[in-house]
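Chemist: Sequence plus the predicted model coming up.
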Amino acid sequence: MSKIEKIVLSYSGGLDTSIILKWLQETYGCEVVTFTADLGQGEELEPARAKAEMSGVKDIRIVDLREEFVRDFVFPMLRANALYEGQYLLGSSIARPLIAKHLVGIAREVGADAVAHGATGKGNDQLRFELAVNALDPSIKVIAPWRQWNIRSRMQLLEYAEKHHIPVPSDKRGEAPFSIDANLLHTSTEGKILENPAEVAPDHVYQRTVDPVDAPDAPEIITIGFERGDPVSVNGKAMTPAALLTELNGLGGRHGVGRLDLVENRFIGMKSRGIYETPGGTILLAAHRGIESITLDRAAAHLKDEIMPRYAELIYNGFWFAPERDMLQALIDHSQAFVSGEVTLRLYKGSASVISRASPCSLYSADLVTFEESAIAFDHHDAEGFIRLKRLRSWAARNGR
Ligand code: ARG
């Protein structure tokens, strides 16, 4: 093992990263700086400080990244209407490059030569952390204890904690808990009973959305304002990115919007089953598509839709800081110049449906499309010629259907 001088650890204060902290101190015998990010996971972060202090950490960083997360990561991704495998809004995938960026920033500031994370060897998150760290500063080493130590089971993990006087909360003493990852965009739950995709997810898995069956019987109408592709207001009230997403999470959660039970293909190779709750993000996706529907040119919109799966896959696989993601982002951002206006949606028992849209930059022409008499010159004979030209290929005679 090469000599490591100082490590910055991505630290939640939970049992796993507390054990990792101790293991790093023991294994490398060097200073460990802890970094705890507030991404809107809805957990108290001060306990993390107390725990780090108890473990002898001198440099403890707790940083509120909520605005940066939504403004510089979530919103740019939403401009693309990004969905992985047609359904997943990438709530965990998009948070990792931000955490990696700050790990690298702190490492440079404190003169650390390594960063460490608590992602396991079977998941996507290790790739996202490490590809991002490498893209930002290839001289920084990455330590992934889950791949290095010889703890192989939950039992061994608890034994290690016991041996090193790391308090194990009573609810963590039994079998392994669900693996949960939460931030302002989503809550993701994996593991335990969910590992059998044939098994229906129990109700208590859901944390931030009500069951649509129990949602209010009265629909709720909301209006979202967009400027150049980004949401800027809810019901006429201007909000910062994080405040806006927080507001929509509340509204969506109450109406059971944004639940997803998905079997996905991990970059590492295996299939995995997870439960996702993305209330605000689900509303924003519908609303953004709504405003794009009147403000984007057809060919521009279709081109965006063609590159979207590729763009989403880059984010899922951990290539946020790769040149091809920058290139696609430039294309997507360019397309948003006129994506401004207002979209009204109805939230009702699990659904978020666009019911109206309006924009000063609208390309929609009622005069052109109307079934009624119209002022705009549209010669119906032109359509006849259009169809005649489309028939030139006339393959029909051959296939005999
Ligand atoms: N499968 C999701 C992804 O790869 C979530 C991963 C983290 N979630 C968790 N519950 N550990 O983006």
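Modeler: Great, that's in hand.

Chemist: Hmm, His288 and Val354 touching each other?
Modeler: No: taking C-beta atoms under 8 Å as the definition, Val354 is not a contact partner of His288, at 9.9 Å. Where C-beta positions appear, they are placed from N, C-alpha and C, glycine not excepted.

Chemist: what's the overlap in contacts for those two?
Modeler: Val343 (C-beta atoms under 8 Å, 6 or more residues apart in numbering).

Chemist: Looking at the two, which is more packed in?
Modeler: Neighbours per residue (other C-beta atoms under 10 Å) separate Val354 from His288, with His288 holding more: 24 against 18.

Chemist: out of everything not next to it in sequence, what's closest to the more buried one?
Modeler: Leu78 (5.8 Å; C-beta to C-beta, 6 or more residues apart in numbering).

Chemist: Just list whatever residues bridge to the residue in the stretch 201-350 of the chain that the ligand sits nearest to.
Modeler: Residue nearest to the ligand within the stretch 201-350 of the chain: Gly274 (5.0 Å; C-beta to the nearest ligand atom). Note on Gly274: beta-bridge partners by DSSP bridges are Glu190, Leu262.

Chemist: Walking through the stretch 101-250 of the chain, point out its strands one by one.
Modeler: Using DSSP state E, counting those that start in this stretch, the strands of the stretch 101-250 of the chain run over 114-116, 141-143, 179-182, 187-190, 220-227, 230-234, 237-238.

Chemist: Could you grab the helix/strand/coil label for Ser12?
Modeler: coil (DSSP: H, G, I helix; E, B strand; the rest coil).

Chemist: Report how many residues lie close to it.
Modeler: Look at Ser12: counted by other C-beta under 10 Å, it has 20 neighbours.

Chemist: ditto for Gly252
Modeler: 29.

Chemist: so what's it closest to, chain neighbours aside?
Modeler: Pro279 is the one closest to Gly252 (C-beta to C-beta, 6+ apart), at 2.7 Å.

Chemist: If I look at the residue of the stretch 201-350 of the chain closest to the ligand, what pLDDT would I see?
Modeler: pLDDT recorded at Gly274 is 98.

Chemist: Kindly report the same for Ala161.
Modeler: Per-residue pLDDT puts Ala161 at 95.

Chemist: do you know how far it is from Leu248?
Modeler: 38 Å (C-beta to C-beta, to the nearest Å).

Chemist: ok, now Arg325?
Modeler: Counting by C-beta to C-beta - Arg325 and Leu248 are separated by 25 Å.

Chemist: And the residue nearest to His288, how far from Leu331?
Modeler: 15 Å.

Chemist: Among these two, which residue is more densely surrounded?
Modeler: Ranked by neighbour count (other C-beta under 10 Å), Leu78 and Leu331 place Leu78 first, with 24 against 15.

Chemist: can you list the residues that contact the helix or strand hosting Ile7?
Modeler: Assigned by DSSP states H and E, Ile7 belongs to strand 6-10. Contacts with strand 6-10, where a contact means C-beta under 8 Å, 6+ apart, come from 17, 20-21, 24, 28, 30-35, 37, 99, 103, 106-107, 110-118, 129, 143.
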